[in-house]
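Participant: Have a look at this fold, sequence not included:
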């Protein structure tokens, strides 16, 4: 219902579905994350509040985009590469810098919210200069004839169902994790992060199945921006005490989130699409990340071996591959401009 309503709303507003995916759909699918982080903060569970946002951002890029790309290769618009991905990287850097002293104060929350308002202003300005091609959407004529109040009600109903289902899954996940004796940081990074990311996953997968590839990608990027700037901003602003940040999060989780965000830029730029092979690469990276978190938490010797493998073999090979593909894409576009 959410995807159908988003496409109809884009037709009524005469903007591309990407703009709706970056804003309305992303905000709605981030609603469970907002509810969980606020509740955890008020209950003095700072590790859950902060860790779930970081874990959700990693999950959204590696798993949601990875699975969506397996369904259908995702098209990446030039706006994402030129504006939204750099803003997402900047938001990750901003959170990293503000959390460097192992806490987020109300002033930090105000800075994050101000950055979100600035981004939305840039997005609004961008949408005014973008022209939506009416003939590119399947069934565009019937969708544009649908009355906009019904589209709005359909979107609200879809959002309500997503939030309700997220709360049901969250309560069960927390109960199981507590019975297993996991720490709050691990609960936030894994079970709660995955639970609160399921709306984004469901929305992007259904959008990919329906051929709405702009919504599938825009939903992930927009959700990460709302999580990092909006959810953390509001949580830090209303927290009774400064939001504490675990040293382990600074040493490992935040660098991984930043690296995953930076990974998107050369990979998206190389062909303005996410292929099935790149989707498998995303899923493999998340599997390695999850194995490291679990093995490190349980004290298994596998953690050191995984870390050594990633640092000295996988990451150098990945960086070399991305540099090669980015340089090849730049040469191809440069030659195309010269020929024209």
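Facilitator: Everything's here; your move. Since we're looking at a predicted model, the values are computed, not measured. Numbering: from 1, shown residues only.
Participant: residue ranges for the helices of the stretch 1-150 of the chain, please.
Facilitator: Here the stretch 1-150 of the chain has its helices, by DSSP state H, counting those that start in this stretch, at 2-13, 17-20, 26-29, 31-42, 46-59, 65-71, 78-79, 85-98, 106-129, 140-145, 148-179.
Participant: Could you tell me the least trusted of those helices?
Facilitator: When those are compared by mean pLDDT, helix 140-145 comes last with a mean of 45.
Participant: The helices of the stretch 1-150 of the chain: which one's closest to residue 335?
Facilitator: Proximity to residue 335 (CB to CB) singles out helix 78-79 among those, at 17.7 Å. All C-beta atoms are positioned from the backbone trio N, CA, C, and that covers glycine.
Participant: Out of the helices of the stretch 1-150 of the chain, which is closest to residue 192?
Facilitator: Closest of the helices of the stretch 1-150 of the chain to residue 192 is helix 46-59, at 4.4 Å (criterion: CB to CB).
Participant: Count the neighbours of residue 273 for me.
Facilitator: Residue 273 has 15 neighbours, counted by other CB atoms under 10 Å.
Participant: Equivalent analysis for the one 4 residues further on, please.
Facilitator: For residue 277, the neighbour count with other CB under 10 Å is 11.
Participant: same check, this time on residue 306
Facilitator: As a burial measure, residue 306 scores 19 neighbours (other CB under 10 Å).
Participant: these two touch, right, it and residue 292?
Facilitator: Yes - at 4.8 Å, residue 306 counts as touching residue 292 under the criterion of CB atoms under 8 Å.
Participant: circling back: which among the helices of the stretch 1-150 of the chain is found nearest to residue 310?
Facilitator: Checking the helices of the stretch 1-150 of the chain against residue 310 by CB to CB gives helix 46-59 as the closest, at 14.1 Å.
Participant: what about residue 5, distance to residue 202?
Facilitator: From residue 5 over to residue 202 the distance is 14 Å, taken as CB to CB, to the nearest Å.
Participant: more crowded one of the two?
Facilitator: residue 5 (26 against 19).
Participant: so what's the more buried one up against?
Facilitator: 151-152, 154-155, 158 (CB atoms under 8 Å, 6 or more residues apart in numbering).
Participant: switch to 10 Å and redo it
Facilitator: The contact partners of residue 5, taken as CB atoms under 10 Å, 6 or more residues apart in numbering, are 20, 24-25, 28, 143, 146, 148, 150-159.
Participant: Please spell out the PyMOL selection for the buried subset of those.
Facilitator: Here is the PyMOL command that selects the buried residues among those (16 or more other CB atoms under 10 Å):
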select buried, resi 20+24+25+28+143+146+151+154+155+158+159
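Participant: Distance check, residue 6 against residue 18.
Facilitator: For residue 6, the distance to residue 18 equals 10 Å [CB to CB].
Participant: joint contacts of those two?
Facilitator: Residues touching both residue 6 and residue 18 (CB under 10 Å, 6+ apart) are 212, 215, 218-219.
Participant: what's the burial count for the nearest residue in space to residue 69 that is not next to it in sequence?
Facilitator: Nearest non-adjacent residue to residue 69, counting by CB to CB, 6 or more residues apart in numbering: residue 279, 3.0 Å away. As a burial measure, residue 279 scores 22 neighbours (other CB under 10 Å).
Participant: and what of the one 10 residues further on?
Facilitator: Around residue 289 sit 22 other residues, with neighbours defined as other CB under 10 Å.
Participant: That one reaches residue 253, doesn't it?
Facilitator: Yes - the pair residue 289 / residue 253 is scored as a contact, 9.4 Å apart, by CB atoms under 10 Å.
Participant: what's near enough to touch residue 90?
Facilitator: Residues near residue 90 by CB under 10 Å, 6+ apart: 115, 119, 225, 228-229, 261.
Participant: ok, back up a step: got any residues that touch both of residue 306 and residue 292?
Facilitator: Jointly contacting residue 306 and residue 292 under the rule CB under 10 Å, 6+ apart are residue 300.
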